[in-house]
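Colleague: sharing a model that was predicted from the sequence below.
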Amino acid sequence: MTDIQHHVPDDLLMGYATGALPRAFDLVIATHVSLSDEARARLEAYEAVGGAVLDTLDEADLSDDCLQKTLAMVGDTARSDRPITTSGGTFPAPLRAAVGGDEDAVRWRSVGAGVKQCVLYSDDSGTARLLRIPAGRAMPEHSHHGTEMTLVLKGAFRDEDGVFSRGDIEVADAEVSHTPVAEPGEDCICLVATNARLRFQGLLPRIAQPFVGI
Ligand code: ZN
């Protein structure tokens, strides 16, 4: 278990527990929970609260069928992504399932400046991708139209909010403009969920954006 400094915010974890988040964000949180005892404990507390609410509903004499349906609605994501910490390898179980293997199974595509990405899935609700930033390399400064959630899997990066290493999660939204820089020594691999296209500040990154697809 790593020493996690940056935790997932309560509202997102609660959204995950109730299955209310876009699929891309579910994947990031499921992966984070696999790496964080703290996040897992909070998640279990939310699930217990959800269970208590359902118990109350049951006392109100609702049919078994109704309870089943509600349970299916509430618990689907959380149950199927029940955290399992894998021994060895870079990717925890939920991410391994999405990738179809560990780090060596990723089909990286270059997006320029040595940065590589692999889009795991993308739909109207959001995009989940892996990013690989060479050690010491800076990403273009950017702000965000929606929410961007970044989970570090390997190496570390630094930005205006501090240093993020394995297991750490950063949530950035329209209020945040940042320039993530990979720490020296090791390439930084992150799992990133976005629900809108990023807004790059510099001219060159803006020209490159349609090609990069970030
Ligand atoms: Zn960002």
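Modeller: Yes, it's here. Numbering: from 1, shown residues only.
Colleague: residue ranges with poor pLDDT in this protein?
Modeller: 1-2, 53-87, 197-214 (pLDDT under 70).
Colleague: which positions in it make contact with the ion?
Modeller: Proximity of the chain to the ion, by CB under 5 Å from the ion, involves residues E148, A172. Every C-beta, even on glycine, is put in place using the N, C-alpha and C of the backbone.
Colleague: quickly find the element holding the residue nearest to the spatial centre of the chain.
Modeller: In the chain, the residue lying closest to the centroid (CA atoms, centre = their mean) is V28, at 2.2 Å. If you go by DSSP states H and E, V28 is part of helix 23-35.
Colleague: elements contacting that helix?
Modeller: On a contact count with 3 or more CB pairs under 8 Å, 6 or more residues apart in numbering; DSSP states H and E, helix 23-35 meets helix 10-17, helix 37-59, helix 93-99, strand 116-123, strand 126-133, strand 148-154, strand 188-194.
Colleague: so what strands line up beside the last one?
Modeller: Paired strands of strand 188-194, with direction, are strand 126-133 (antiparallel), strand 148-154 (antiparallel) (DSSP bridges).
Colleague: would you mind getting the angle between the longest one and strand 116-123?
Modeller: On the basis of axes from the mean of the first three to the mean of the last three CA atoms, to 10 degrees, strand 126-133 is oriented at 180 degrees to strand 116-123.
Colleague: residues near T194, how many?
Modeller: Counted with other CB atoms under 10 Å, residues neighbouring T194 total 23.
Colleague: the residue nearest to it when sequence neighbours are not counted: what's it in contact with?
Modeller: Once flanking residues are discounted, T194 sits nearest to E148: 4.8 Å by CB to CB, 6 or more residues apart in numbering. Contacts for E148 (CB atoms under 8 Å, 6 or more residues apart in numbering) come out as V171, A172, D173, V192, A193, T194, L198.
Colleague: and those residues, which are buried?
Modeller: When those are checked for burial by 16 or more other CB atoms under 10 Å, the buried set is V171, A172, V192, A193, T194, L198.
Colleague: nearest to the ion, out of these: which one, please.
Modeller: Of all these, the ion sits closest to A172, with 4.4 Å by CB to the ion.
Colleague: ramachandran angles for that closest one?
Modeller: Dihedral pair for A172: phi -120, psi 140, per degrees, to the nearest 10.
Colleague: how close does it sit to H144?
Modeller: Distance of A172 to H144, given as CB to CB, to the nearest Å: 5 Å.
Colleague: same deal with D159?
Modeller: The value you get for D159 to H144, if CB to CB is used, is 13 Å.
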